[in-house]
Structures are given as structure tokens and as C-alpha cells.
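S.K.: Sequence and predicted structure are below.
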Number of protein chains: 2
Amino acid sequence: MALPGNRAEQKGDRSDRLVQLCNPNIAAMKEDILYHFNLSTSTHDFPAMFGDVKFVCVGGSPSRMKAFIKYVATELGLDLPGGDCPNICVGTDRYAMFKAGPVLSVSHGMGVPSMAIMLHELLKLLYHARCSGVSIIRIGTSGGIGLEPGTVVLTQQAVDATFQPQFEQMILGKRVVRGTDLDAQLVRELMQCSADLDEFPTVVGNTMCTLDFYEGQSRLDGAICCFTEQDKQEYLQAAHAAGVRNIEMESSVLAAMCSACSLPAAVVCVTYLDRLQGDQIRSPHEVLAEYEQRPQRLVCHFIKKSLRGPEAPATRR
Amino acid sequence: MALPGNRAEQKGDRSDRLVQLCNPNIAAMKEDILYHFNLSTSTHDFPAMFGDVKFVCVGGSPSRMKAFIKYVATELGLDLPGGDCPNICVGTDRYAMFKAGPVLSVSHGMGVPSMAIMLHELLKLLYHARCSGVSIIRIGTSGGIGLEPGTVVLTQQAVDATFQPQFEQMILGKRVVRGTDLDAQLVRELMQCSADLDEFPTVVGNTMCTLDFYEGQSRLDGAICCFTEQDKQEYLQAAHAAGVRNIEMESSVLAAMCSACSLPAAVVCVTYLDRLQGDQIRSPHEVLAEYEQRPQRLVCHFIKKSLRGPEAPATRR
């Protein structure tokens, strides 16, 4: 499929930038097995399969990422063979991956480690495929702080449990701290897209990334809880004062790894509840299902607009 | 299904012990929604559905946990309706859960956070169902250190990246360190089961639990790598000297949470490769598939033996 070249003009030199790794060992490997994708450079032609990818959208749930690619394909007017979209990662249930034109949709499971494994292999996939001008966007769900449920949060900074914009990991038994910069231009463009759509409230704010959903997010309803409602309220209020507007479990490692490899990344999460009001997710299924579609609608609009280019009239496809 | 009472005699007071939580809030809740299981105490009868559970087996992959429950049902001579085993967590793809008689089989995804969410909800499920005498066993895969690939490791201690038997988490923005005790009696019984079977090498050793598969496990083949082969070898040799025999990504939080709730837990992982020899998992699919079955065969034998009781002749079913 031939793609419009307008994104290049819109973004200057960005669209020419090849995906780079921070590991000189990879170029010297005869074969690279991406074990958790069940793909290998010796059995799959990465440039042919993925060379045209410009937008990588990632999210926790395999079924949501399949629903997203079908929605994108329809919106972009792309034909899917047989009306369906096959999972590229056949033979493993660790992750699911789908492709429609320039859009790759990949599930990452829940939590930083699951996201990290996926990102290591995804970045290598994009490198082996010699992709250029790629952006990565996480479309996810989260708990809000002081926001109406259903609000979409565009992450300005991914912060840790002490509200610092950093990601700590253990390498060779030593603590290594990396920055969690996200792409400011992507945030601006996504905010404009939300204004274009005018369908749901969207805010820019900091996103706290935790390693646990219960104790780690100051929930009182886990199997283990050693603090009080007052402790929880004080912590969440302190987070709010530090600019945190939502809490989820993958943003910081996405920001750290993409930043290390100079790949523009964004995090777009809808809030399912206001954590100042409670811990359990009690909204009816159909309400949550509609909330879940909001980041998808926003990011799909962004993709369409990017492919069209800034000068095109709004009705052009 | 009526269960033999022999396990009570074998284990003394253990079999009477109700599953307890470390959170007084739960008993006071009118409804408890286990969001990631898509189960709720107001819509599901937990005592009727799960009250007879004695063995909970957990593993990363949904399809592996489904294969395991079918294997267990066959080995225990249990009828599965229609020959299939429905996923109890319908309506969500976060986790999958299957049941056959006293055995519950649950997937946990990859990494500590994904395991933690599952365990919070699993422990609450067992508590609401008023289960007693429950053991939890993780059947997983891992990287070995100085072991022939295919060796099964029974975890003595789950250790962190500095080889200490502890699990660190952030609660209300502060570091909290918990112990990672596992059940010594379960290890002894599982080791005896491996001797009974005499089908594959099994060792008892420490298991290092990491938050990443690539940099966090000193792999040289991730998208990011800032150390040398020599650094890696020195680190893995230091781990080996500290008693570490394999590396995986969930054992420490399983040990910490089950220990906090006084639930006996064990970790049984097969090694896919010897990390002193390399990083990539290069064995053919059918070899890995056979390795993957080893923890399943061992734990299924343990369950059969436990249900039979110690005095029964070996041929009794």
C-alpha cells in the first residue's frame, strides 16, 4: 500500500528518522529470535512485513487491540482480507499483534515487566524492518484523581510513586534510574484532535505508574492492606497536588525505553473511576465499554489526520 | 465431588486452615467485585463455585493453564462436561481460570505486577468461598544457571536482583520490604514426587525474580544494553555462588503475598536454557513443549498422591 507522504512535510526531519536501538550487539547477530512474539529474522521477512509501519498502538488487552485494528482499518478505508485481521504472533499467547496499512496494534499485558518484554522485542522488530518516522501510542485505561469518570488523560510526564519523572530498574544488581520524557509535540497534536472531535473531556496531566493495582495504588480493597482511608486520601491528594491526574501501570517504562531509543511516544488513557471517591470499578459494563473506546477514537482521528497532512481539507480522505 | 479426607491426616491441622486475608476491610464489604476476573460476590456464589478447591496452580500462559486442567482432569478421572473445560473468567481476557474437582488453574500473565493483581483477587476469591487447606503452586518456565536445559527447579527461596530473600514494593510512596518464605514441606513433597516419577532432573535451589527479561536478567540481546559479556558472566556467576539456580519474573510476589496470608506456596519452573551459555531461546518448539510439560507432570503427580493419602497403595485411584 502506498502512503501519503504528507506526514514528512508536517513533521520535518522526524519522518525520515530510522528506528535505532541502544545496543550495538544486535547488528552483529546472524539471527534474532523475538521469543515472546514467536517471530525470528531467519524465518520472517521483517522489512516486507513491517517496513511501512508508521504508527504503533499498544494496549493491555489482546481483544481490545484486535477491535482497535478493525476500527482503524474501517476508518482508513483499508481492506482486511476476509474481513478479519489475523494475529501475527500465532503460536504464542504471550502477546497479540495486528496490522492494517501503516498501523501496528500490539497487546502488552498488565504491568511494567510485561510492557518491557514487549517493547524490547517491538523496538528490535522495527529496527530489523528498517522502519522510519514511527510514533508509539499507548491506548489504555486508568484510575483518575479528581476527574469525572470517562475523562481522557494525555500524559505530560510519567511519574513514579514519589511523583518523580523517573523509572528505576535493577541492572546487574544495581539500581539504574532513567528519565521518562514523552513527546510534547504528540501531546499537542493529540489535544488538538480531541478538540476536533469534541466528544469527551480530555486533559493533559501527569500519570503515576505503579507496580501494583491494590496496595501500590493505595486501594483499601486488596487481599492485603495496612493503611487507613485517611492515609489513602492524603496520598492521593499529594499526588494531585504534584500534577498527577491518573494512575496506571505501564507508562513509565514506555516513556523510558522509547526515550532511550529516540522514538516519539505518547500515553492516552481513559479514567474508569475517580479514586478520591472509591476503589472498586462499579460502572456498568456498557459504560466502561464506551469509555474504553475513547482513546481509540482519539488516536484513530490522529492517525487519519497525520496521514492526510495539515493542508488537506477536512473532508478529504 | 466428595474428596478423600486423607490429606487432613497427612498434613495435620493444615487441611482445616481457612484462607485468611490481611485486610479487615473485606469482611465489611457488601459486594466485592474482582474486576480482573470479571467475578463479583453479588452475581456469583463463590462457596458453591469454589468451596472445594484444595490446589491452585498458576502459570503465565492462558493456553498452558487450560492444557494443564485438561491433563489433571484426565489423570484424576474427572469428567469434564462436553470434554471441554470452560473459562470461568468469561468476558475478560486479563486472566483465564479453569476448574476440575479440587484443582483450580489460573493464568497470571508475565511479571510481578500482573501476578500481584491476580493474587489479590485469587486470595479474596478463596476467602469469600471459605476454602480451607489450600496450597498454591506456580508451574512456570525460567532461565537456568549452570543447569542442563529441561531441568526442573523447586524454589527454596525467591530472591531479588541482589540475591536477598525479600520483595520490595512501594506503598503510599514508601518502600516496604517483605519476606519471601516458601513452604519447606511442599518442597520436600515435590522433590519426593520427582523421585517417584524419575523422568527428568529436578533440583532444589534459589530462584531470582526480576522485573525485566532483558536488561534485568543481564541479557545482551535486548533493545537496550549497556554492559559487556564479561559483566554478565560475573553477575550470573555471583548469582550461582549465592545459590541461584534459575531466573524468572513472578516468584517473589507469590512468596510474599502467600506468606503474608499464611497460605503454603511453591514454585516449580523448568529451565529452557543455561544462561551461562547464551541469551536466546533456540531449542526447537517440540523440545520446549516437552520441557513445558515437566512441571505439569510433577505437580499433577503431587496432587494425585496428596488426594490418595500416604497409606494408600501406589495403584489405588
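M.R.: Ah, there it is. Residues are numbered from 1 along each chain as shown, chains lettered A, B, ... in the order given.
S.K.: Every contact and neighbour count from this point should use C-alpha atoms.
M.R.: Will do.
S.K.: Surely A:Val106 is in a strand?
M.R.: Yes. Assessed by DSSP: H, G, I helix; E, B strand; the rest coil, A:Val106 belongs to a strand.
S.K.: So it is in contact with A:Val56, correct?
M.R.: Yes. The pair A:Val106 / A:Val56 is scored as a contact, 7.5 Å apart, by CA atoms under 8 Å.
S.K.: Who has more neighbours out of these two?
M.R.: Remark: of A:Val106 and A:Val56, A:Val106 carries more neighbours, 30 against 19, as counted by other CA atoms under 10 Å in any protein chain shown.
S.K.: and the nearest residue to the more buried one once chain neighbours are set aside, what pLDDT?
M.R.: Distances taken as CA to CA, 6 or more residues apart in numbering or on different chains put A:Met97 closest to A:Val106, at 4.4 Å, once the chain neighbours are dropped. A:Met97 is assigned a pLDDT of 98 by the prediction.
S.K.: From the contact counts, what lies against the one helix or strand A:Thr155 maps to?
M.R.: Using DSSP states H and E, the element containing A:Thr155 is strand A:152-159. Packing partners of strand A:152-159 (3 or more CA pairs under 8 Å, 6 or more residues apart in numbering or on different chains; DSSP states H and E): strand A:166-171, helix A:184-197, strand A:202-209, helix A:251-260, strand A:265-274.
S.K.: where do the strands sit along chain A?
M.R.: With DSSP state E, the ranges of strands along chain A come out as A:33-34, A:39-40, A:55-59, A:97-100, A:103-107, A:135-144, A:152-159, A:166-171, A:174-179, A:202-209, A:244-248, A:265-274.
S.K.: Tell me the residues of the stretch 101-250 of chain A that contact chain B?
M.R.: Residues of the stretch 101-250 of chain A that fall close to chain B, judged by CA under 8 Å from any CA of the partner chain: A:109-114, A:116-117, A:120-121, A:123-124, A:161-162, A:169-174, A:211-218, A:220-226, A:231-232, A:235.
S.K.: What subset of those residues is buried?
M.R.: Buried members of these, counted by 16 or more other CA atoms under 10 Å in any protein chain shown: A:109-114, A:116-117, A:120-121, A:123-124, A:161-162, A:169-173, A:211-218, A:220-225, A:232, A:235.
S.K.: Now go through these and say which are in helices.
M.R.: A:Val112, A:Pro113, A:Ser114, A:Ala116, A:Ile117, A:His120, A:Glu121, A:Leu123, A:Lys124, A:Lys232, A:Tyr235 (DSSP state H).
S.K.: can you list the residues you listed in TSV and add distance to B:Lys66 and pLDDT?
M.R.: What follows is these, written out as TSV (distance: CA to CA, whole Å; pLDDT from 0 to 100):
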residue	distance to B:Lys66	pLDDT
A:Val112	25	98
A:Pro113	23	98
A:Ser114	21	98
A:Ala116	26	98
A:Ile117	23	98
A:His120	28	98
A:Glu121	26	98
A:Leu123	31	98
A:Lys124	31	98
A:Lys232	38	98
A:Tyr235	40	98
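S.K.: quick check, nearest of the residues you listed to A:Pro62?
M.R.: A:Ser114 (13.0 Å; CA to CA).
S.K.: and the angle for the strand holding A:Thr155 with helix A:251-260?
M.R.: 70 degrees (axes from the mean of the first three to the mean of the last three CA atoms, to 10 degrees).
S.K.: Need the residue closest to the centroid of chain A.
M.R.: Relative to the mean C-alpha position of chain A, the nearest C-alpha, by CA atoms, centre = their mean, is the one of A:Arg138, at 1.1 Å.
S.K.: gap between it and A:Val153?
M.R.: Distance of A:Arg138 to A:Val153, computed by CA to CA, to the nearest Å: 11 Å.
S.K.: sorry, back to before: ok, the residue nearest to A:Val106 - how many residues close by?
M.R.: With other CA under 10 Å as criterion, A:Met97 counts 22.
S.K.: In the stretch 201-317 of chain A, where is pLDDT below threshold?
M.R.: A:310-317 (pLDDT under 70).
S.K.: coming back round to it: what sits up against the strand holding A:Thr155?
M.R.: A:165-167, A:180-182, A:184, A:187, A:190-191, A:200-209, A:245-246, A:251-252, A:255, A:266-271, A:294-295 (CA atoms under 8 Å, 6 or more residues apart in numbering or on different chains).
S.K.: Just the buried residues of the residues you listed.
M.R.: Members of those classed as buried by 16+ other CA under 10 Å are A:165-167, A:180-182, A:187, A:190-191, A:201-202, A:204-209, A:245-246, A:251-252, A:255, A:266-271, A:294-295.
S.K.: Who are the contact partners of the spatially closest residue to A:Ala129 that is not a sequence neighbour?
M.R.: Distance criterion CA to CA, 6+ apart; nearest residue to A:Ala129, sequence neighbours excluded, is A:Pro47 at 3.8 Å. A:Pro47 makes contacts with A:His128, A:Ala129, A:Arg130, A:Cys131, as judged by CA under 8 Å, 6+ apart.
S.K.: Quick check: beta-bridge partners of the spatially closest residue to A:Gly216 that is not a sequence neighbour?
M.R.: Nearest residue to A:Gly216, sequence neighbours excluded (CA to CA, 6+ apart): B:Ile171, at 5.0 Å. In this structure, B:Ile171 bridges to B:Lys174 when assessed by DSSP bridges.
S.K.: Out of the contacts of A:Pro47, who's the most crowded?
M.R.: A:Cys131 (23 neighbours).
S.K.: wait, doesn't that residue sit right on A:Asp52?
M.R.: Yes. A:Cys131 is within contact range of A:Asp52, at 6.6 Å (criterion: CA under 8 Å).
S.K.: give the contact list for the residue nearest to the centre of chain A.
M.R.: A:Cys57, A:Val58, A:Gly59, A:Ser251, A:Ala265, A:Ala266, A:Val267, A:Val268, A:Cys269 are the contacts of A:Arg138 under CA under 8 Å, 6+ apart.
S.K.: do the same with A:Ala116
M.R.: A:Val253, A:Leu254, B:Asp212, B:Phe213.
S.K.: ok, now how distant is it from B:Phe98?
M.R.: Counting by CA to CA - A:Ala116 and B:Phe98 are separated by 28 Å.
S.K.: what do you get for A:Ile33?
M.R.: Taken as CA to CA, the span from A:Ile33 to B:Phe98 is 31 Å.
S.K.: hang on, isn't A:Ala266 packed against A:Leu186?
M.R.: Yes. Look at A:Ala266 against A:Leu186 with CA under 8 Å: they come within range, at 6.5 Å.
S.K.: could you give the mean pLDDT of stretch A:153-165?
M.R.: 98.
S.K.: whoops, stretch A:30-42 was the one
M.R.: On average, stretch A:30-42 scores 97.
S.K.: Report the distance from that stretch to the chain centre.
M.R.: 23 Å (CA atoms, centre = their mean, to the nearest Å).
S.K.: Over to stretch A:282-290?
M.R.: Once both centres are worked out by CA atoms, centre = their mean, stretch A:282-290 turns out to sit 21 Å from its chain's centre.
S.K.: what does that stretch contact?
M.R.: So stretch A:282-290 is in contact with A:Tyr272, B:Ile33, going by CA under 8 Å, 6+ apart.
S.K.: Can I get it in CSV, CA atoms only?
M.R.: The C-alpha trace of stretch A:282-290 is given here as CSV (Å, rounded to 0.1, in the frame of the first residue of the first chain):
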residue,chain,number,x,y,z
ARG,A,282,-18.6,-0.3,39.7
SER,A,283,-19.8,1.3,36.4
PRO,A,284,-22.0,-1.0,34.2
HIS,A,285,-20.2,-2.9,31.5
GLU,A,286,-21.7,-0.9,28.7
VAL,A,287,-20.5,2.4,30.2
LEU,A,288,-16.9,1.0,30.7
ALA,A,289,-17.0,-0.3,27.1
GLU,A,290,-17.9,3.2,25.8
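S.K.: Buried residues, that stretch. List them.
M.R.: A:Leu288.
S.K.: Find the nearest non-adjacent residue to A:Phe50, please.
M.R.: In space, A:Phe50 is closest to A:Ala129, 5.7 Å off (CA to CA, 6+ apart).
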